[in-house]
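Undergrad: sequence? don't have it. structure:
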């Protein structure tokens, strides 16, 4: 039970029920779609980048609590960052989820550290990273929908 | 009640399995006895795959450890024994389906391969531009995509029988879709996502009356209902070994002999030929014409043992017991606030597909797993069914004859826990 509570932390449940930046972005420079065929999670991401900085970002879609909360918190955390900073954040976030970063210092991940519980649920890593993979696709301008499979 | 190796002594048989008997039969399945995450395992993912009785494990072990060899070519004793066991398994399948002849029983990898075989060999040679192939709105992807591929290759058109809000096919609409352009009808006996048992007898009759051949996807029926292909009067019937307590990688295509005789081979290779020269190859007779390459001998022997086991328990008795489980589970789940059952047809196998208000099926699955309850969450390889009911995914509890009311109580308790944590 304890690691279930660790997975479904209050912050995550809160973001999944009241996702931030949950809207379409008119005039977005870049959009990308991601889906997780295993469970049907689906996300569409809208990003506006100016001078290599993510100025505005929004998403739409449906999915489990983990994927929705992750998309919500991702949009919050990359706003105002350069594209390189956002990519670096994804790498550290990914390391946190897969345990590569070690249990130690999630330090500069800030609020994203609440996802550390996902480590104990390997099948849910895809849920937590779907929005991030989709962000990468949007930033790299890949036209193809992203799949976690 | 006396049970011997899964067989219940005929003198004391009742019309349905009793709870007492089920407790005895559960001991035949080694996997069921173990704890998961510190809780007794409640295995409710039988529509995905079923657990294996010791009789199957033993049959596979015995083949691999005492007479393993190739079939149909050896002059030596082991090969003779392997061939005999392989063909004996085919005869067991023939009996299980009540087919007229063993030559109508083709060993394939599973239901998916069986349908692909018919789509490739029969579909592509009989469908042309403007012709129609009829399937239903509740098909598994494996009974949709092969036909789409036929349509793409031939210019034929796919027609889909709609269903009502309970998840039952609309027979009037079905009949309207049967036209002089219909080249084949393919539908599932039992829906994997909803549990609906289709009125296959009526559906076959309506098509056959018009001279249209019928394929039935029996993957979800074979473990739960007695199937008689001659009574059904269908042309093709497919099922998978692993869902009927046998090994993975083995399945069956039943086909009417005259149709199979007229069909071109699906794959070329060893075992499916009589003679080969660079100028001309003579194909083998049925069933070998459709069994290119060394077959899954181990799987076939395991499947034979599984069918012997399940026949020993008795499919009619299994169906009656599972129906009681379904009624119990439906009542218990319907009482949970915010729970909506997807698939409420009058005729169902023991499948409970459901959604919880405001909670995604995948999250439900994770919490249930923590309670030792194994279910499937997702679209169940039936995305059009999810679209029909306007849900991205469902949680699905699918039961088998070795499941119990106590386990349903555990499921209900676990669902309440999911609501407590995620609601």
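TA: Sure, I can see it. None of these values were measured; they are calculated from a predicted model.

Undergrad: spell out which parts of chain A neighbour chain B.
TA: The interface of chain A toward chain B, taken as Cβ under 8 Å from any Cβ of the partner chain, is made up of A:1, A:4-5, A:7-8, A:13, A:17, A:38-42, A:62-66, A:68, A:121, A:124, A:127. C-beta: built from backbone N, CA, C; applies to glycine.

Undergrad: of those residues, grab the buried ones for ChimeraX.
TA: Here is the ChimeraX selection string for the buried members of these, based on 16 or more other Cβ atoms under 10 Å in any protein chain shown:
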select /A:4,7,8,13,38,39,40,41,42,63,64,65,66,68,121,124,127
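
Undergrad: what about the residues of chain A next to chain B, which are in helices?
TA: Using DSSP state H, the subset of the residues of chain A next to chain B located in helices is A:4, A:5, A:7, A:13, A:17, A:65, A:66, A:68, A:127.

Undergrad: how about those in JSON lines, adding pLDDT?
TA: As requested, these are exported to JSON lines (pLDDT from 0 to 100):
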{"residue": "A:4", "pLDDT": "89"}
{"residue": "A:5", "pLDDT": "88"}
{"residue": "A:7", "pLDDT": "92"}
{"residue": "A:13", "pLDDT": "95"}
{"residue": "A:17", "pLDDT": "94"}
{"residue": "A:65", "pLDDT": "95"}
{"residue": "A:66", "pLDDT": "95"}
{"residue": "A:68", "pLDDT": "95"}
{"residue": "A:127", "pLDDT": "93"}
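
Undergrad: out of the residues you listed, who's nearest residue A:54?
TA: residue A:68 (19.8 Å; Cβ to Cβ).

Undergrad: ok, now how distant is the closest one from residue A:8?
TA: 12 Å (Cβ to Cβ, to the nearest Å).

Undergrad: for residue B:322, same thing?
TA: Applying Cβ to Cβ to residue B:322 and residue A:8 gives a distance of 34 Å.

Undergrad: for beta bridges, what are the partners of residue 42?
TA: Picking chain A for this. residue A:35, residue A:62 (DSSP bridges).

Undergrad: if you could check chain B rather than the one you did, that'd help
TA: In this entry, residue B:42 is beta-bridged to residue B:373, by DSSP bridges.

Undergrad: quick check: it touching residue B:404?
TA: No - taking contacts as Cβ atoms under 8 Å, residue B:42 lies outside contact range of residue B:404: 9.0 Å.

Undergrad: neighbour-wise, which of these two wins?
TA: Ranked by neighbour count (other Cβ atoms under 10 Å in any protein chain shown), residue B:42 and residue B:404 place residue B:42 first, with 25 against 18.

Undergrad: write out the residues of the stretch 51-200 of chain B neighbouring chain A.
TA: Not one residue of the stretch 51-200 of chain B sits near chain A, judged by Cβ under 8 Å from any Cβ.

Undergrad: show me the strands in the stretch 51-200 of chain B, by range?
TA: Here the stretch 51-200 of chain B has its strands, by DSSP state E, counting those that start in this stretch, at B:105-108, B:132-136, B:157-161, B:182-188.

Undergrad: and the shortest one, what does it pack onto?
TA: Contacting strand B:105-108 under the criterion 3 or more Cβ pairs under 8 Å, 6 or more residues apart in numbering or on different chains; DSSP states H and E are the following elements: helix B:77-97, helix B:111-118, strand B:251-255.

Undergrad: buried residues in the helix or strand following the last one?
TA: So that's strand B:251-255. Using DSSP states H and E, the helix or strand that follows strand B:251-255 in sequence is helix B:257-262. Neighbour counts using 16+ other Cβ under 10 Å place B:259, B:260 of helix B:257-262 among the buried residues.

Undergrad: try stretch A:14-31
TA: A:15, A:16, A:19, A:20, A:21, A:25, A:28, A:30, A:31.

Undergrad: and stretch B:22-32, average pLDDT?
TA: For stretch B:22-32, mean pLDDT is 97.

Undergrad: equivalent analysis for stretch B:352-361, please.
TA: 96.

Undergrad: list the contacts of it.
TA: Residues from elsewhere that reach stretch B:352-361 (Cβ atoms under 8 Å, 6 or more residues apart in numbering or on different chains): A:17, A:39, A:63-65, A:68, B:193-195, B:326, B:329-330, B:333, B:336, B:338-343, B:364, B:377-378, B:380, B:391-398, B:415, B:418-419, B:422-423.

Undergrad: and for stretch B:294-308?
TA: B:52-53, B:55-56, B:58-60, B:63-64, B:68, B:70-71, B:82, B:85-86, B:88-90, B:92-93, B:96, B:107, B:109, B:241, B:244-250, B:252, B:270-271.

Undergrad: most proximal residue of chain A with respect to chain B?
TA: Using Cβ to the nearest Cβ, the single residue of chain A nearest to chain B is residue A:64, 3.9 Å away.

Undergrad: ok, now which ones touch that residue?
TA: A:16, A:39, A:41, A:127, B:360, B:361, B:362, B:363.

Undergrad: closest one of these to residue B:158?
TA: residue A:39 (26.7 Å).

Undergrad: burial of residue B:271, as a residue count?
TA: Residue B:271, neighbours per other Cβ under 10 Å, totals 17.

Undergrad: and residue B:83, by the same measure?
TA: With other Cβ under 10 Å as criterion, residue B:83 counts 17.

Undergrad: could you give the number of residues near the closest residue to it other than its chain neighbours?
TA: Counting by Cβ to Cβ, 6 or more residues apart in numbering or on different chains, residue B:83 lies nearest to residue B:71, which is 4.3 Å off, once chain neighbours are set aside. Residues within reach of residue B:71, counting by other Cβ under 10 Å, total 20.

Undergrad: my guess is residue B:71 contacts residue B:79, does it?
TA: Yes - using Cβ under 8 Å, residue B:71 is in contact with residue B:79, at 6.7 Å.

Undergrad: so who does residue 27 touch?
TA: Went with chain A since none was named. residue A:48.

Undergrad: ah, I was thinking of chain B
TA: residue B:33.

Undergrad: ramachandran angles for it?
TA: phi -70, psi -20 (degrees, to the nearest 10).

Undergrad: same thing with residue B:405?
TA: phi -60, psi -40.

Undergrad: hmm, it is touching residue B:23, no?
TA: No - taking contacts as Cβ under 8 Å, residue B:405 lies outside contact range of residue B:23: 11.5 Å.

Undergrad: among the buried residues of stretch A:14-31, which two are most distant?
TA: Maximum distance among the buried residues of stretch A:14-31 (Cβ to Cβ): 24.8 Å, for A:16 and A:30.

Undergrad: check whether the residue in chain B sticking out farthest from the centre sits in a helix, strand or coil.
TA: The centre of chain B is farthest from one residue, residue B:279, which by Cα atoms, centre = their mean lies 40.9 Å away. Here residue B:279 is recorded as coil under DSSP: H, G, I helix; E, B strand; the rest coil.

Undergrad: pLDDT value on it, please?
TA: 92.

Undergrad: swap in residue B:165?
TA: In this model, residue B:165 is scored at 98, pLDDT.

Undergrad: again, but for residue B:161
TA: 98.

Undergrad: hang on, isn't it packed against residue B:135?
TA: Yes - assessed by Cβ under 8 Å, residue B:161 is found in contact with residue B:135 at 7.3 Å.

Undergrad: can you list residues touching both of those two?
TA: residue B:187.

Undergrad: buried residues, stretch B:261-280. List them.
TA: Neighbour counts using 16+ other Cβ under 10 Å place B:263, B:265, B:266, B:271, B:272, B:273 of stretch B:261-280 among the buried residues.

Undergrad: tell me, which of those make contact with chain A?
TA: Within those, nothing lies near chain A by Cβ under 8 Å from any Cβ.

Undergrad: distance-wise, check the closest residue to chain A within the stretch 51-200 of chain B relative to residue B:173.
TA: In the stretch 51-200 of chain B, the residue that lies nearest chain A is residue B:141 (10.7 Å; Cβ to the nearest Cβ). As for residue B:141, its distance to residue B:173 is 22 Å (criterion: Cβ to Cβ).
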